[in-house]
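Q: here are the coordinates; sequence isn't available:
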């Protein structure tokens, strides 16, 4: 009996015409976000894993470091994201050992997209946001490949990459999903809570944000999303990626943020009462 | 085997009224019930399970524990579909032996957990219908608990309940071991005796409220001296 040792090599998508119905729900539902600002990239995510209506775990790590200058925020099915991040880490390390340089973030996104392609149409559900910092002028493989006219790979994101052109080093934010999408951007949010997060990010994001302002914007966005989305909640994880690498902030309970917010609202009401000279009717 | 037509996919009986013609399909899965629980302490770990094996309205066996000893420092608890539990434990045993022969050392708890994750994901498109919880001691001698979902997503916890009564037990454990949802309580570290007593109380409660849990409780206590087992009777109705 052949035992499946290497998950990546021997895992084939099933070609059965009748798929077997699963009697259990898998872990799903989340809010993750990332944005680029003047001091690097911020990545934030909640920590709830839900399986159907049950909170399978309130303390999941949705942001995983891949290497010293790249983290991936995961959304979708927990097991799929976990395993695919593992495979990606392995492939990147092998590339680094074989070619004596690190693969660029664009290249990483492309690699991941091609690895996921055979599973398109199955119920693998992976939506990763790669947040990282490309180092050095040597990593121009994205720009070069996009100019190669004999390349068979035609995709809209190559246009975005070549417009980056010479500035291929620096902060990078790319979304890759198992449906085949690969999108580069400055602000990205993924998951069931992402519409709420986008609302906060779009209104609060400015080019001149300081590091602490950026952290509190990210925290606020995740907090508002967890408030409105049932499938997001518990804590918020914050990562900051700069030229020196990624740094992780202490995990914060959103319960404390909720109480701070309540206090803020109470103070606003107090202030308003004081200003309008509101008197309790006798 | 009882006809699978009258049972829904979770093993619970479907309602008896005519709702129109229904396509009958063979389901390779069946739900055999059972609850598993694991707690990690400072220098010990506890894995406990009930011993009832049920299917639909019947009880197949009152003496089918769901804890399986893997190494001297690791025990796994598997609940869900019994056929997949048996095969999975056989595969894990075989892989442990292979590792022992090729690397000349026993697998650590963390290594077993990582291996189990890849074994489960290898069947991503026809999963093992098993909820696993591994309890044991890590390389530093501290208690470790690893909980899994049926397709291999896992993480290290301090305590976890899995199986049919897991949704009832997990909030109780959050409160008693994690001191969650309480204000102004001193966080006393868990001693071995207190943990064992808590596990017994928790399973007695589970047997009261979950039909698939009962008959007897098997507790495995893992310390650096080895694995000790206790069996305690539970409700048989």
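A: The structure has been received and is ready for your questions. Predicted model, so just to flag it, every value in this text is computed and none were measured.
Q: CA only for contacts and neighbour counts going forward, please
A: OK.
Q: And residue 104, its phi and psi?
A: I'll assume chain A. With angles defined as degrees, to the nearest 10, residue A:104 sits at phi -70, psi 170.
Q: sorry, should have said chain B
A: Listed backbone geometry of residue B:104 is phi 60, psi 30, with angles given as degrees, to the nearest 10.
Q: Burial check on it, number of neighbours?
A: Using other CA atoms under 10 Å in any protein chain shown, residue B:104 is surrounded by 10 other residues.
Q: where's it relative to chain A, distance?
A: Residue B:104 sits at a distance of 19 Å from chain A (criterion: CA to the nearest CA, to the nearest Å).
Q: Need the three-state assignment for whichever residue of chain A sits closest to chain B.
A: Distances between chain A and chain B by CA to the nearest CA are smallest at residue A:79, namely 3.9 Å. Under the three-state scheme (DSSP: H, G, I helix; E, B strand; the rest coil), the conformation of residue A:79 reads as helix.
Q: How many residues are close by the residue nearest to it when sequence neighbours are not counted?
A: Nearest-residue entry for residue A:79: residue B:153, 3.9 Å, with adjacent residues in sequence omitted and distances by CA to CA, 6 or more residues apart in numbering or on different chains. Burial of residue B:153, expressed as a neighbour count using other CA under 10 Å, amounts to 23.
Q: show me what contacts the residue of chain A closest to chain B?
A: When the contact criterion is CA atoms under 8 Å, 6 or more residues apart in numbering or on different chains, the partners of residue A:79 are A:27, B:121, B:149, B:151-154.
Q: Assign a three-state SS to residue B:60, would you?
A: Using three-state DSSP, the structure places residue B:60 in strand.
Q: what about it, distance to residue B:116?
A: From residue B:60 across to residue B:116, the span is 28 Å (CA to CA, to the nearest Å).
Q: okay, the two: which has more neighbours?
A: Applying other CA under 10 Å to residue B:60 and residue B:116 shows that residue B:116 carries more neighbours, namely 24 against 13.
Q: Would you list the phi and psi of the residue nearest to residue A:79?
A: phi -70, psi 130.
Q: List the buried residues of stretch B:218-237.
A: B:218-223, B:227, B:234 (16 or more other CA atoms under 10 Å in any protein chain shown).
Q: residues in contact with residue B:86?
A: Residues in contact with residue B:86 (CA under 8 Å, 6+ apart): none are found.
Q: got a pLDDT number for it?
A: The model reports residue B:86 with a pLDDT of 96.
Q: Over to it: give its phi and psi.
A: Dihedral angles phi and psi of residue B:86 (degrees, to the nearest 10) take the values phi -60, psi -50.
Q: from chain B, which residue is nearest to chain A?
A: Evaluated by CA to the nearest CA, chain B has residue B:153 as its residue closest to chain A, separated by 3.9 Å.
Q: Against residue B:117, how distant is that residue?
A: Distance of residue B:153 to residue B:117, computed by CA to CA: 6 Å.
Q: Next: residue B:206.
A: Counting by CA to CA, the gap from residue B:206 to residue B:117 is 28 Å.
Q: And for residue B:16?
A: Look at residue B:16 and residue B:117: by CA to CA, they are 40 Å apart.
Q: Next: residue A:98.
A: Using CA to CA, one obtains 28 Å as the distance from residue A:98 to residue B:117.
Q: Have a look at these two and say which one is more surrounded.
A: Relative neighbour count places residue B:117 above the other of residue A:98 and residue B:117, with 23 against 10, counting by other CA under 10 Å.
Q: what residues are up against that one?
A: Listed by CA under 8 Å, 6+ apart, the contact set of residue B:117 reads B:148, B:151-154.
Q: do the same with residue B:157
A: When the contact criterion is CA under 8 Å, 6+ apart, the partners of residue B:157 are B:40, B:144-147.
Q: repeat that with 10 Å
A: Contacts for residue B:157 (CA atoms under 10 Å, 6 or more residues apart in numbering or on different chains) come out as A:57, A:59, B:38-40, B:133, B:135, B:143-147.
Q: Low-confidence stretches in chain A?
A: In the prediction, chain A carries residues with pLDDT under 70 at positions A:1-28, A:137-167, A:278-282.
Q: one more time with 80, if that's ok
A: For chain A, residues meeting the criterion pLDDT under 80 lie at A:1-29, A:52, A:136-168, A:252-257, A:277-282.
Q: Show me where it has its helices.
A: The residue ranges that make up the helices of chain A, judged by DSSP state H, are A:7-10, A:78-99, A:105-116, A:141-147, A:157-164, A:194-204, A:211-228, A:254-275.
Q: Let me know which of the ones you listed is the nearest to residue B:76.
A: Each of these was scored for nearness to residue B:76 using CA to CA, and the closest is helix A:78-99 (19.3 Å).
Q: now the closest one against helix A:105-116, angle please.
A: The directions of helix A:78-99 and helix A:105-116 differ by 120 degrees, with axes from the mean of the first three to the mean of the last three CA atoms, to 10 degrees as the criterion.
Q: For helix A:78-99, list every residue counted as buried.
A: By neighbour count on 16+ other CA under 10 Å, the buried set for helix A:78-99 is A:78-85, A:87-89, A:91-93.
Q: Pull the number of nearby residues for residue A:114.
A: As a burial measure, residue A:114 scores 13 neighbours (other CA under 10 Å).
Q: Which member of the contacts of residue B:117 is positioned nearest residue A:118?
A: Taking CA to CA as the measure, residue A:118 sits nearest to residue B:151 out of the contacts of residue B:117, at 18.9 Å.
Q: Regarding the closest one, what is its secondary structure?
A: When the structure is split into helix, strand and coil by three-state DSSP, residue B:151 lands in coil.
Q: Pull the contacting residues for it.
A: Taking CA under 10 Å, 6+ apart, one finds A:26-27, A:77-80, B:116-131 in contact with residue B:151.
Q: Nearest the geometric middle of chain B, what residue?
A: Averaging the C-alpha coordinates of chain B gives a centre point, and the residue nearest to it by CA atoms, centre = their mean is residue B:36 (3.2 Å).
Q: one step back: need the helices of chain A in CSV with distance to residue B:77, can you?
A: As requested, those are exported to CSV (distance: least, CA to CA, whole Å):
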stretch, distance to residue B:77
helix A:7-10, 23
helix A:78-99, 19
helix A:105-116, 32
helix A:141-147, 48
helix A:157-164, 47
helix A:194-204, 37
helix A:211-228, 33
helix A:254-275, 33
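Q: How far away from the center of its chain is stretch A:83-103?
A: 19 Å (CA atoms, centre = their mean, to the nearest Å).
Q: Let's verify residue B:205: helix, strand, or coil?
A: The three-state label given to residue B:205 by three-state DSSP is helix.
Q: so where do the strands sit in chain B?
A: For chain B, the strands defined by DSSP state E occupy B:35-40, B:45-50, B:53-55, B:58-61, B:67-71, B:74-80, B:130-137, B:143-148, B:154-157, B:159-163, B:216-223, B:226-233.
Q: So residue A:230 sits against residue A:29, correct?
A: Yes. Under the criterion of CA atoms under 10 Å, residue A:230 makes contact with residue A:29 at 8.7 Å.
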